[in-house]
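Engineer: Sequence and predicted structure, then a few things I'm wondering about:
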Amino acid sequence: MADLSLLQKDLQEEIDGFGVDDYSSESDVIIIPSALDFVSQDEMLTPLGRLDKYASSENIFNRQMVARSLLDTLKEVSDDERDCIAVLERVSRLADDSEPTVRAELMEQVPHIAMFCQENRPSIPYAFSKYLLPIVVRYLADQNNQVRKTSQAALLVLLEQELIERYDVETKVCPVLVELTAPDSHDDVKTEAVAIMCKMATMVGKDITERLILPRFCEMCCDCRTFHVRKVCAANFGDICSVVGQQATEEMLLPRFFQLCSDNVWGVRKACAECFMAVSCATSQEVRRTKLSTLFINLISDPSRWVRQAAFQSLGPFIATFANPSSSGQFFKEEECKNAEDQNFAEEYSNGKNMDSEDILTHDVQSQTELLSLEDDVSDFAKTLETTKEDSNSVLVHYQNETCFQPEMTLRCTLSPEPSSETADETEQSFDDGSVTVPPAPALNSQENSLSEQELYNSFHFWRTPLPEIDIDLELQETAEILDSETQEGKQEVVASAYPNITMAKRRELEEMIENLEPHMDDPDVKAQVEVLSAALRASGLDPLEEATTGIDKLADCQSELRIKDQLNCKLIQDDTVPSLNNAVENIVESALRYIHNDSDLSTNSSFSPEEEKKSKIQDIVPQALLDQYLSMTDPSRAQTVDTEIAKHCAFSLPGVALTLGRQNWHCLKDTYETLASDMQWKVRRTLAFSIHELAVILGDQLTAGDLVPVFNGFLKDLDEVRIGVLKHLHDFLKLLHPDKRREYLYQLQEFLVTDNSRNWRFRAELAEQLILLLDLYTARDIYDYLRPIALSLCSDKVSSVRWISYKLVSDMVKKLSNAPSPTFVVDLMNELVERFCRCPKWSGRQAFVFICQTIIEDDCLPMDQFAEYLLPHLLHLASDRVPNVRVLLAKTLRQTLLEKEYFLICVSSYQEAVEQTIVALQMDNDSDVKYFASVHPASTKIAEDAMSTASSTY
């Protein structure tokens, strides 16, 4: 009895809890309500009644269910505006729930409710702004972390969907966030508020960010209380800079950024390194070069390894921000580059003509005054050449003649588009044994002074190895002091003994090269090479005394030498570190030989000193310190001290760096690229393989053929992980090569069929897709001889996905060969398809033949008369195949593809009769599937999709 009384007591409590009053103490019968009774009671309640019933429940799960069903309740009462407002009012009451899980659940539903309010704005205007937005803003400072996180996510979603009015952002959201970042706020709340401010800056725009967010952001960057706030500011610094623009970035944000980059906490400095590129993009070129580059060098040399690691990862992207389209122009062929540079040349020429005449006059007077003093040194220097080395005579006379007749061009010694506006004054050159009066050079008009297009733009001028820069003034001054004490006889002896003695082997090599190149003078590049070699040969055999005494009679020769000098682009600058004058001719000869032999790699040439090798990697586009750090990323020591994958980061950003430097500075990156291409880590080589086609576009056809093709060939023999990068962009790379060079790869395409893992079917599928693209790059003969065997082999692959792509490949190949002048290729290919697949002893081969025919018909790859003549009879013969799968596919092809063609609908021929007879035979087939697809047109049935699928039951 005790147990029974206890049971009655429990039941009474449960019934009271459910609000049921069916139990009577006067009765001995206990009435237990069923669950169906409660369901019926809830159904009888209105949506607002159910909402009120469960919202006031003490059960937490009931209140969570209320929050989760708010959107459904709103949809039920959407027709009544008052009911909608009543629901939103209950939402406000539910937001005061003491249980954090209920508040978090409510906040998850706010974006969905806001979207509903936006869609039904006419019936419930300002509902979101009045009822929901205050809840979101209030929860940003909630004590529970989960509620705060949920409200922050909801706020970002609302801003992203533009559900918050601009006025509300300014008056309700931003003031609360600014208040949460006050100095007395909790550290966690302050950190989260700063993060929200940074993320919402890109959504609210420049105006609101500058007025309401930027001042507090700058204050938070200097928060000395906790480094977490500074770290968040550093991580989002780039986003703020991109929003406020260049002026605000340079005036307000950059000083804060400098402070963050020198923060005591390495995590803050690491965050600065990670966002450095975004900050650089928001600054001017001058600030980027003078301030940010120095700052970045400090991060690269930071004591913390993690900071250095992040800095090196951002180094390539930061260098890419120095890119200038005018210097790194995206032209692949040199002819395109010429056209663009011709335009720039014309613009510079027109601007040069507008120079102030007084400035030009002053410049010319100063130039001639300096040259007169230079000529005195030259005349003295020509008398005692015994203290100089073997080559100085010819170069001395060469420059002496140039200074006599073209003073302006001597100072510039570069291709200047400005014509001479002043005639050269009469100059008199005095020797100890007499004087030679040089008449003034005739005034050159703009046509005579301007160089031809070929002289301006030739292969040597753009791609040569930089020549040494010669300092004449320094050596002339040193030798002039010695010459004063020598007699006339000594001078004549020195001149006689100073005949240059370039080795006969080099002279003979130059002469042989000139003879070999003369038959090909039609090529502009070859012509430029001959001119360079001829100039070098003449320079190696000049007699200085003879040149000095016959300078008056050789004005024409001097002018031609001047053009050759401009072609060589020698620069007369004052530099104490450059090679001496007496080595100039030998260096010119060596440079010419290296160019002809395509040996421009300074690192492998033992004739260059380390100083010259380092100088060859100097450019003026990117700060040299940044480029040097980037080139050092391939140093093995970096992998130990910075990051084991630093070489991979270097390879990843190399195309961007190459684009920034331009093809004219490729020599700076060539050694680094070759080092990366031979790196031991396959991930590094894989990265280069995936980007080699982009690098080819940047470098142009000549550099691609000389520097990238050998690397490309090495990747073809690498691991499958590397080869797939080359294969995915095989067409993109080969189309950039010369047709003769491109044809060499036909012999290597067969090697792609062999993989390290035979299960790597995606490799063969990619090969089939690339072969489809390669059909446009080769002739019909090459397609038939080299691509056809590969395509037919792929049609027999074990993996169906490979075979599907291969059928498309074969059909496109048929189309390409059918358009060729000779019809023999396509006829031979169709005959081979019949022999190899239609008569294959395996049913999969015969099915493949039907697939190929279906693809040819669908894509109109072949005129229907030729298809009916060569392929249709063999296709119809498969109606008697013993395998049902082949007959099912044949029935589909005839019904759905072949009979849809106009050729078989209009033209009455024997082929049409044969097709109809075959369909009738298939309709009488013993297999039900064959009979169905032959007798019923699938488009008119409910299972059209199944019928159209050729892979469902037959593959």
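Structural biologist: Cool, got the structure.
Engineer: Identify the residue nearest Q309 in space, chain neighbours excluded?
Structural biologist: With Cβ to Cβ, 6 or more residues apart in numbering as the criterion, Q309 has its nearest non-adjacent residue at 4.5 Å, and that residue is D643. Where C-beta positions appear, they are placed from N, C-alpha and C, glycine not excepted.
Engineer: again with E210
Structural biologist: Per Cβ to Cβ, 6+ apart, closest to E210 is V244, 5.5 Å.
Engineer: One more: R103?
Structural biologist: Take R103 and drop its neighbours on the chain: the residue closest to it by Cβ to Cβ, 6+ apart is V147, 4.9 Å away.
Engineer: tell me the secondary structure for that neighbour?
Structural biologist: State at V147, reduced to three classes by DSSP: H, G, I helix; E, B strand; the rest coil: helix.
Engineer: Can you give me the neighbour number for it?
Structural biologist: As a burial measure, V147 scores 22 neighbours (other Cβ atoms under 10 Å).
Engineer: Same check on T46?
Structural biologist: 11.
Engineer: what do you get for D860?
Structural biologist: 12.
Engineer: Which of the helices or strands spans it?
Structural biologist: Assigned by DSSP states H and E, D860 belongs to no helix or strand.
Engineer: Kindly report the same for H731.
Structural biologist: Here H731 is assigned to helix 730-734, by DSSP H and E.
Engineer: what packs against that helix?
Structural biologist: helix 682-699, helix 761-774 (3 or more Cβ pairs under 8 Å, 6 or more residues apart in numbering; DSSP states H and E).
Engineer: Moving along the chain from that helix, name the first helix or strand you hit.
Structural biologist: Following helix 730-734 in sequence, per DSSP H and E, is helix 739-743.
Engineer: List the buried residues of that next one.
Structural biologist: In terms of neighbour count (16 or more other Cβ atoms under 10 Å), helix 739-743 has its buried residues at R742, R743.
Engineer: Over to stretch 841-856?
Structural biologist: 844-856.
Engineer: And for stretch 735-752?
Structural biologist: Those would be L736, L737, R742, R743, Y745, L746, L749, F752, for stretch 735-752 by 16+ other Cβ under 10 Å.
Engineer: Relative to E286, which of those is nearest.
Structural biologist: L736 (35.8 Å; Cβ to Cβ).
Engineer: wouldn't that closest one be in contact with T704 here?
Structural biologist: Yes: taking Cβ atoms under 8 Å as the definition, L736 is a contact partner of T704 at 6.0 Å.
Engineer: who touches both of these two?
Structural biologist: A696 (Cβ atoms under 8 Å, 6 or more residues apart in numbering).
Engineer: quick one: contacts for L654?
Structural biologist: Applying Cβ under 8 Å, 6+ apart, the residues near L654 are G316, L669, T672, Y673, L676, L688, S691, L695.
Engineer: which of those has the most neighbours?
Structural biologist: L688 (26 neighbours).
Engineer: now the contacts of L654 in a markdown table, with pLDDT and distance to E531?
Structural biologist: Output for those, formatted as a markdown table (pLDDT from 0 to 100; distance: Cβ to Cβ, whole Å):
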| residue | pLDDT | distance to E531 |
| --- | --- | --- |
| G316 | 94 | 39 |
| L669 | 93 | 29 |
| T672 | 94 | 33 |
| Y673 | 95 | 31 |
| L676 | 95 | 36 |
| L688 | 96 | 37 |
| S691 | 95 | 37 |
| L695 | 95 | 31 |
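Engineer: Tabulate those (a markdown table), appending distance to L295.
Structural biologist: Shown next, in a markdown table, are the contacts of L654 (distance: Cβ to Cβ, whole Å):
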| residue | distance to L295 |
| --- | --- |
| G316 | 17 |
| L669 | 24 |
| T672 | 24 |
| Y673 | 28 |
| L676 | 27 |
| L688 | 30 |
| S691 | 29 |
| L695 | 29 |
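Engineer: Looking at those, which is nearest I805?
Structural biologist: Scanning the contacts of L654 for proximity to I805, where the rule is Cβ to Cβ, the winner is S691, at 24.7 Å.
Engineer: now the strands for this structure?
Structural biologist: 427-431, 434-438 (DSSP state E).
Engineer: and the nearest residue to D929 once chain neighbours are set aside, how many neighbours does it have?
Structural biologist: Distances taken as Cβ to Cβ, 6+ apart place V888 nearest to D929, at 5.1 Å, with adjacent residues excluded. When neighbours are counted by other Cβ under 10 Å, V888 registers 25.
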